[in-house]
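*Asks:* Structure, please.
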Amino acid sequence: MTKFADAAKYLDKQMVEPLRQMIVGRKLFAKTVQLPKGSFSIDYDKITEMSAAEITMGLPAGEIQRDMIKVLTTNLKLPCIFKGYTIPRDTLDAFQKNGQPIDVEAMLSAMHVVAVAEDDLLFQGWAPNGTTYV
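*Replies:* Presented below is the predicted three-dimensional model:
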């Protein structure tokens, strides 16, 4: 049994993390909104621009066309990004009974693929219906 344990320790030291994409989305899109737990949408105000300006050779005499911005409240449903993974039953049992540590590589990999999906969402948008990007 100790030979297998020694081999496992040796192999663990030899494992090399895969080359991974750099995650930069949260650095570039730093604005965050704190939502209540269980909330998956947000209301925000969208301002519409005024109509085009006019150009003339002098100041207008009399009435001029006037305009005003419009503020529209919009509700945006937020996507959830997740990645499920499994922990072998015997590993979980060993952790619960003996406190044997669980290898965190699967968790780190899941975190990375979620971060990659988040970056893709921030930079490219997302097409929930397959065609129209949000």
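
*Asks:* Have a look at this structure and report the helix or strand with the lowest mean pLDDT.
*Replies:* Across the helices and strands of the chain, mean pLDDT, DSSP states H and E gives its lowest value to helix 2-14, namely a mean of 64.

*Asks:* the longest helix in the chain is where?
*Replies:* helix 105-124 (DSSP state H).

*Asks:* What helices and strands are in contact with that one?
*Replies:* Contacts defined by 3 or more C-beta pairs under 8 Å, 6 or more residues apart in numbering; DSSP states H and E place helix 105-124 against helix 25-28. C-beta coordinates here come from the backbone N, C-alpha and C atoms, glycine included.

*Asks:* Give the partner strands of the helix or strand following the helix it packs on in its sheet and their orientations.
*Replies:* Downstream of helix 25-28, the first helix or strand assigned by DSSP states H and E is strand 41-48. Strand 41-48 sits in its sheet next to strand 70-77 (antiparallel), going by DSSP bridges.

*Asks:* Average pLDDT for the strand it pairs with, rounded please.
*Replies:* For strand 70-77, mean pLDDT is 91.

*Asks:* Next secondary structure element downstream of that strand?
*Replies:* Next in line after strand 70-77, if elements are assigned by DSSP H and E, sits helix 89-98.

*Asks:* Give me the contacts around that next one.
*Replies:* Contacts to helix 89-98, defined as C-beta atoms under 8 Å, 6 or more residues apart in numbering, come from residues Gln100, Pro101, Ile102, Asp103.
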